[in-house]
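Q: 3D model of this:
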Amino acid sequence: MGTYLLRRLLGSIPLMVGVSILVFGILQAMPGGPLAVYLDNPFITGKDIALLKHQLGLDQPVHMQYLKWFEAFLTGQWGISYSSGEPVAKLIRARLPATVLLMGTAFVIATIVSVTTGVYSAVRHYSAFDYTVTAFSFLGISMPVFWFGLMLQLLLAVHLRWLPVAGFGDAANIADVARHLIMPAMVLSLLSAGRWSRYTRAGVLEVLSQDYVRTARAKGLPERAVIFRHALRTSLTPVVTIMALDLAGLFSGAVVTETVFAWPGMGSLLIQSVTKVDYPAILAILMVSSFAIVLANLLADLAYSVLDPRIVYR
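A: Below you'll find the predicted structure:
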């Protein structure tokens, strides 16, 4: 396991370098380049643009710009935000906990709902419950995140007045933060719960017909032990893969959700940075997000050996 983990970590280095080159190149190719935000300002002349390019090193060849940026990025110097004038690393440190809280809560909700409904649908397949879960799963998969968020706000916040419309609440008051967290977490977990529920149902349904499950039942084990100890563990392997791959989609949903609910996380910071063409902030946010996705896939690989004892890493 240790050798495999070391191999995967070393293999992630060229992957992240490739991602950084791709992201840097795409942003360089944007109309107007990194200084596009200044081009529409009538008070900034061509001479001012040339001076800014020189001060920021943007008059150098692209490969030299990349090498200097990447070297600074590795040392934690992620640049200065063009819009706020603050260090980008400081902005991300301030926003990251809110995004982790939202995505973590949504992930837990989606996992509990999808595994519970998926297992019960597999055990009671073609029942009324199974058809109901299937309908709601497809509804969750196809429903636009922003629309569902707006409908929840209209129902729970405007009409019923049960929850606050938007915002983070008082950070010193856990109960207040929790009340503000309920709706965005529900919205963000909707799409994932629908997808994962279908995969869980399919996996458990397939495993229930395997020989070792019939053997476990023949030994007289309780049905609950057969389902959760034998069938569910091995059937979760493909679900874990989908969960890791869906992390990018979860962050994409967080961008929309945080905007709808004015949640002060990295998603709303990304929207603000794109709107203002804040080049250093966009670069740093995309790199942090890419690293999180790579890390999630690594953790998913390690989880395989825990779920299925037949999988051994060497």
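Q: any idea what sits nearest E223, other than its immediate chain neighbours?
A: In space, and not counting its chain neighbours, E223 is closest to R217: 7.7 Å by C-beta to C-beta, 6 or more residues apart in numbering. In short, each C-beta sits where N, CA and C put it, glycine included.
Q: In this structure that neighbour contacts A225, no?
A: No. With contact defined as C-beta atoms under 8 Å, R217 and A225 do not form a contacting pair (9.7 Å).
Q: So which other helices or strands are in contact with the helix or strand of the chain with the lowest mean pLDDT?
A: Least confident helix or strand of the chain, by mean pLDDT, DSSP states H and E, is helix 36-39 with a mean of 71. Secondary-structure packing of helix 36-39 (3 or more C-beta pairs under 8 Å, 6 or more residues apart in numbering; DSSP states H and E): helix 46-56.
Q: returning to what we had before: how about residues contacting the least confident helix or strand of the chain?
A: For helix 36-39, the external contacting residues (C-beta atoms under 8 Å, 6 or more residues apart in numbering) are M30, G32, I44, D48, I49, L52, Y82, S83, K276, V277, D278.
Q: Touching the helix or strand harbouring M243 from outside, list them.
A: Taking DSSP states H and E as the criterion, M243 maps to helix 232-245. Residues external to helix 232-245 that are found in contact with it (C-beta under 8 Å, 6+ apart): 107, 111, 114-115, 119, 192, 195-196, 199-200, 203-204, 206-207, 296-297, 299-300, 303-304, 307-308, 311.
Q: Buried subset of those residues, written for PyMOL?
A: In PyMOL syntax, the buried subset of those is picked out as below (16 or more other C-beta atoms under 10 Å):
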select buried, resi 107+111+114+115+119+192+195+196+199+200+203+204+207+296+297+300+303+304+307
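Q: Which of the contacts of helix 232-245 fall within strands?
A: Among the contacts of helix 232-245, no residue falls in strands (DSSP state E).
Q: Filter the contacts of helix 232-245 down to just the ones in helices.
A: Among the contacts of helix 232-245, the ones falling in helices (DSSP state H) are 107, 111, 114-115, 119, 192, 195-196, 199-200, 203-204, 206-207, 296-297, 299-300, 303-304, 307.
Q: Whichever strand or helix holds V255 versus helix 232-245: what angle between them?
A: Per DSSP H and E: V255 is located in helix 247-260. Helix 247-260 runs at 60 degrees relative to helix 232-245, counting by axes from the mean of the first three to the mean of the last three C-alpha atoms, to 10 degrees.
Q: next structured bit after helix 247-260?
A: Heading C-terminal from helix 247-260 (DSSP H and E), you reach helix 266-275.
Q: Convert the C-alpha atoms of that next one to CSV, please.
A: The C-alpha trace of helix 266-275 is given here as CSV (Å, rounded to 0.1, in the frame of the first residue of the first chain):
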residue,chain,number,x,y,z
MET,A,266,-14.7,29.9,-3.5
GLY,A,267,-17.5,29.4,-6.0
SER,A,268,-18.8,33.0,-5.6
LEU,A,269,-15.2,34.2,-5.6
LEU,A,270,-14.7,32.5,-8.9
ILE,A,271,-17.8,34.1,-10.4
GLN,A,272,-16.6,37.5,-9.2
SER,A,273,-13.1,36.9,-10.5
VAL,A,274,-14.4,35.9,-14.0
THR,A,275,-16.7,38.9,-14.1
